[in-house]
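Colleague: Got a predicted structure plus its sequence, pasted below:
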Amino acid sequence: MTSSLPEPDQRLSDPSELLLDYLDYYRSVVNAKIEGMSDAELRVSRLPSGWTLLELLKHLVHMEQRWLRWGFRAEQVSAPWGDRGQADRWCVGPEETTAGLLAALHAGGEYTRAVVSGTPLSTVAAAGGRFPDDGTTRPTLGWILFHVLQEYARHAGHLDIVRELTDGVTGD
């Protein structure tokens, strides 16, 4: 596992670029945390709650999709909660692969970057997807990006712990 990934440039002052660069950074951290692990290690849980590293990876893929595609853009998404199985737990099917989920993670990042390009952070999420058009307050793009960023950061910490429990490898 890569021991140190470079954080975004400290001179960045544009809030959109700062959020996007940190999202890219945390996607790289997630990638590094599962790098070099066998499929069997990625599919077994080391925790009382029962989630696996692959399940967390799939959760991150769907989480970003829920907030940007279904949430901010109000696009119709066939399975916005596709990371959840029975009893509302994260799940990964036997046909799903690490490579496929990592590709989806990075494709989601490219989509997010495209959405944010030229869109003010104060822009309110569209109605009709995750957020109904019923007069309730919908979040801004800035709020959504910050929420997605904190999800990545929190779960990167979870991955640190599980990786250490699995094979003793520690990271940043």
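Modeller: Ah, there it is. Because the structure is a prediction, the values reported are computed rather than measured.

Colleague: Point out where the chain drops to low pLDDT.
Modeller: Regions of the chain meeting the criterion pLDDT under 70 cover residues 1-3, 172.

Colleague: quick one: buried residues of the longest helix seen in it?
Modeller: Determined from DSSP state H, the single longest helix within the chain is helix 141-167. Neighbour counts using 16 or more other Cβ atoms under 10 Å place 141-146, 148-149, 151-152, 155-156, 159-160, 162-163, 166 of helix 141-167 among the buried residues. For the C-beta atoms, the positions are set from N, CA and C on the backbone; glycine is no exception.

Colleague: One more: stretch 92-106?
Modeller: Result for stretch 92-106 [16+ other Cβ under 10 Å]: buried residues 92, 96, 98, 101-102, 104-106.

Colleague: any idea how far that stretch is from the chain center?
Modeller: Relative to its chain's centre, stretch 92-106 lies at 13 Å (Cα atoms, centre = their mean, to the nearest Å).

Colleague: Need the contact partners of that stretch.
Modeller: 27, 30-31, 34, 39, 42-43, 52, 54-55, 57-58, 60-61, 64 (Cβ atoms under 8 Å, 6 or more residues apart in numbering).

Colleague: Which of the residues you listed fall within helices?
Modeller: Those of the contacts of stretch 92-106 lying in helices (DSSP H): 27, 30-31, 34, 39, 42-43, 54-55, 57-58, 60-61, 64.

Colleague: so what's the residue most central in space within the chain up against?
Modeller: Central residue of the chain (Cα atoms, centre = their mean): L60, 3.1 Å from the mean position. By Cβ under 8 Å, 6+ apart, the residues touching L60 are 30, 105, 151-152, 155.

Colleague: any chance of these in CSV, plus distance to G129?
Modeller: Below are the contacts of L60 laid out as CSV (distance: Cβ to Cβ, whole Å):
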residue, distance to G129
V30, 25
L105, 21
E151, 18
Y152, 21
H155, 23
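
Colleague: For D14, state which of those is nearest.
Modeller: For the contacts of L60, the closest approach to D14 (Cβ to Cβ) belongs to Y152, at 19.5 Å.

Colleague: so what's that closest one up against?
Modeller: Counted by Cβ under 8 Å, 6+ apart, Y152 has contacts 23, 26-27, 29-30, 60.

Colleague: Return the members of the residues you listed classed as buried.
Modeller: Neighbour-count burial (16+ other Cβ under 10 Å) is assigned, among these, to 23, 26-27, 29-30, 60.

Colleague: Could you dump those into TSV and include distance to R73?
Modeller: Converted to TSV, those look like this (distance: Cβ to Cβ, whole Å):
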residue	distance to R73
L23	16
Y26	21
R27	19
V29	26
V30	23
L60	19
